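Student: Could you work out the structure for the sequence below:
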Amino acid sequence: GLLSSRTAAKIGMDLRGKVFTKVVSFSNNELNKFSIASLITRSTNDIQQVQMVEVMLLRMVLYAPIIGIGGIVKVMSTRTGLGWIIGVAVVAISAVVLVLMRIAMPKFKKMQSLVDRLNLVSREILTGVSVIRAFSREKFEEARFETANRPDAEENILIRSSDKKFNIYEIYSDISYQINNYFTCYAGLNFQYYNGNLKNFCVSPRAKISFSKNRFTFWADYAQTAQYLSLYPYFTVKTPVDIWYPLEKNMKPALCHQYSIGAEQEIQGGLTLYAGIFYKKMKHVKDFSSGLSTKYTALTDNMITGSGHARGVEFNLALEHRKISARFNYTLSESKRKFAEINNGKSFFPPYDVKHNVVVNTSYDISTRLTFNSLWTFSSGVYTTFPVGVAVAHNISSSQNKPILVPVYTDRYNYKLPNNHRLDLSLDYTIPYKYASLKLSIGAYNVYNQSNPSFVYFKAEQTATNHTKFIPKSKVMLPFIPYISFKIKL
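Tutor: Presented below is the predicted three-dimensional model:
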């Protein structure tokens, strides 16, 4: 084992050196022919595979024939008439190996191109991380990376960034100008070209003016963003399996005009106070139409367009004093949507509207190595869709003819779920070394085991008077969870 590992490591080291030397000598045309993402895969993943094959050759392929030949000689020397069994076994194993190789080789070739694509998307995200943050495109890039990471086109209905049906090209520029010692202006422009089932382009401006004096800062900001993906809730509440769906034909991208003003004051003793007000006006937002599904969890492909707005205020109080670090944040907001095809054209609260959101985060350094952390969060319940009645139907094709209970819905998002809150505690112990640091964390998620509903469904139950009611049930996916983690930071 030691000899095979050392030999494979030496081969891998030599291959990496030779590949790197060769790639450095490439011209621009040769680099474009192979692509940088593909060359990265060749010098990392492919060489790692070669090392693994070398280990298997030395430990198994060369060793197995010796044992096999020895076994055959031993069986033949006993003269028990069982030699034919060895021959049949060898033929059967050889046939199975050939079939597996025939099946596996095309899949390995396909996997190679998928790894190249994953490297390409990762490099694009890392290269443009500043632009992504500037235009709040984190969700879009997360969905784009998830698509490259799970590229099964038949099962994946997220954006298909791995083919030519969906691409976004962006050019971003910004400028800042300091008027005097107090005032500074910022301006930016983002040009986007969407190439998918339709072709569309959008120019999104951004402007900000800031006033700073001593420890006080005041600013006013305007930004426009365009969204080419629409979030479709798969269930009646927000869940991780909600679907990001690309823009379809005859659709316009969702546009958001955001206005905000804010102020920040640094107070003596490490105290910082921030307050801000924001307003968002949205056009061409997407949803799915009512009355087209028979189940409340169904997702239709009929995209509809509407409008919406969001507004709110935010307060943040931060403290940095000696061994204590604390932050209190409160956000009061309102988000509404309006579609002609939903709730008879009346405005409604979407399932991601959170009116109150509170975060209290504290950290205390017990010693230079030991730190105690706490996090308490509170958020208002989101809106979901509850049935207002039930219809009884009969399955005439069944011999038992049992009644089928079908929930009846009227307005969408007509019920508000209970509020969510939890407390997390942890204790971190750090051991510094010359070239690395070790961190041991012991803690608990949701310390007081609050039953925050993660999923809501309905169950038909019969009462004592033989009446049937649909009772809402909830599932709690994250109860009290203790944990221990160990990290090494180089």
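
Student: how about the helices in this protein?
Tutor: In the chain, the segments counted as helices under DSSP state H are 2-24, 28-34, 36-41, 47-56, 63-78, 83-127, 129-134, 138-149.

Student: Of all the ones you listed, which one comes closest to I171?
Tutor: Distance to I171, taken as Cβ to Cβ, is lowest for helix 129-134 among the helices of the chain, at 9.5 Å. All C-beta spots, glycine's among them, are computed from the backbone N, C-alpha and C.

Student: so A8 touches Q49, yeah?
Tutor: No: with contact defined as Cβ atoms under 8 Å, A8 does not reach Q49; the gap is 10.9 Å.

Student: which one of those two has more residues nearby?
Tutor: In this view A8 and Q49 are compared by other Cβ atoms under 10 Å, and A8 has more residues nearby, 21 against 13.

Student: pLDDT at the more buried one, what is it?
Tutor: Here the pLDDT value assigned to A8 is 77.

Student: go on, K213?
Tutor: pLDDT, the model's per-residue confidence, is 92 for K213.

Student: can you pull the contacts of it?
Tutor: Y182 (Cβ atoms under 8 Å, 6 or more residues apart in numbering).

Student: Tell me what it is bridged to.
Tutor: Residues found in beta-bridge contact with K213 (criterion: DSSP bridges) are F216.

Student: How much space separates it from A318?
Tutor: In this structure, K213 and A318 are separated by 20 Å, where distance is defined by Cβ to Cβ, to the nearest Å.

Student: Got the phi and psi for the closest residue to G306 other than its chain neighbours?
Tutor: Distances taken as Cβ to Cβ, 6 or more residues apart in numbering put F339 closest to G306, at 3.5 Å, once the chain neighbours are dropped. Reported as degrees, to the nearest 10, the phi and psi values for F339 are phi -130, psi 140.

Student: Isn't F339 up against F288?
Tutor: No: look at F339 against F288 with Cβ under 8 Å: they stay out of range, at 9.7 Å.

Student: Need the residues touching each of the two.
Tutor: In contact with both F339 and F288: I304, using Cβ under 8 Å, 6+ apart.

Student: what residues are up against I267?
Tutor: The contact partners of I267, by Cβ under 8 Å, 6+ apart, come to 215, 273.

Student: what does A263 give?
Tutor: With contacts defined as Cβ under 8 Å, 6+ apart, the neighbours of A263 are 216-219, 274-276.

Student: How about D424?
Tutor: Applying Cβ under 8 Å, 6+ apart, we find D424 in contact with 373-376, 443-447.

Student: and it, bridged to which residues?
Tutor: Counting by DSSP bridges, D424 forms beta bridges with L375.

Student: tell me the pLDDT at it?
Tutor: You'll see D424 listed with a pLDDT of 94.

Student: And for the one 10 residues further on?
Tutor: The confidence metric pLDDT takes the value 75 at K434.

Student: Number of residues surrounding it?
Tutor: 5.

Student: Kindly report the same for T384.
Tutor: Look at T384: counted by other Cβ under 10 Å, it has 21 neighbours.

Student: any idea how far it is from L120?
Tutor: For T384, the distance to L120 (Cβ to Cβ) stands at 39 Å.

Student: Flag the helix or strand of this protein with the lowest per-element mean pLDDT.
Tutor: The helix or strand of the chain with the lowest confidence, counting by mean pLDDT, DSSP states H and E, is helix 129-134 at a mean of 55.

Student: if we can go back for a sec, V388: which of the contacts of A263 is nearest?
Tutor: G276 (39.4 Å).

Student: where does the closest residue to that closest one other than its chain neighbours sit relative to S204, distance-wise?
Tutor: Leaving aside its sequence neighbours, G276 sits nearest to G262 (Cβ to Cβ, 6+ apart; 3.3 Å). Here G262 is placed at a distance of 21 Å from S204 (Cβ to Cβ).

Student: one step back: in this structure the residue nearest to G276 contacts I277, no?
Tutor: Yes: taking contact to mean Cβ under 8 Å, the distance of 7.3 Å between G262 and I277 places them in contact.

Student: and these two? which has more neighbours close in?
Tutor: Neighbours of G262 and I277, each counted by other Cβ under 10 Å, are more numerous for G262; the result is 18 against 13.

Student: If the more buried one is in a bridge, with which residues?
Tutor: W219, G276.

Student: returning to what we had before: of all the helices of the chain, which one is nearest L423?
Tutor: helix 138-149 (26.9 Å).

Student: Report the rounded mean pLDDT for the closest one.
Tutor: Confidence for helix 138-149, expressed as mean pLDDT, is 62.

Student: gap between the residue nearest to K487 when sequence neighbours are not counted and I484?
Tutor: If the residues on either side of it in the chain are set aside, K487 comes closest to K439, at 4.4 Å by Cβ to Cβ, 6+ apart. In this structure, K439 lies at 12 Å from I484, with Cβ to Cβ as the measure.

Student: Those two: which has the busier surroundings?
Tutor: Relative neighbour count places K439 above the other of K439 and I484, with 16 against 8, counting by other Cβ under 10 Å.

Student: Please name the residues that touch the more buried one.
Tutor: Contact analysis of K439 by Cβ under 8 Å, 6+ apart lists 428-431, 486-489.
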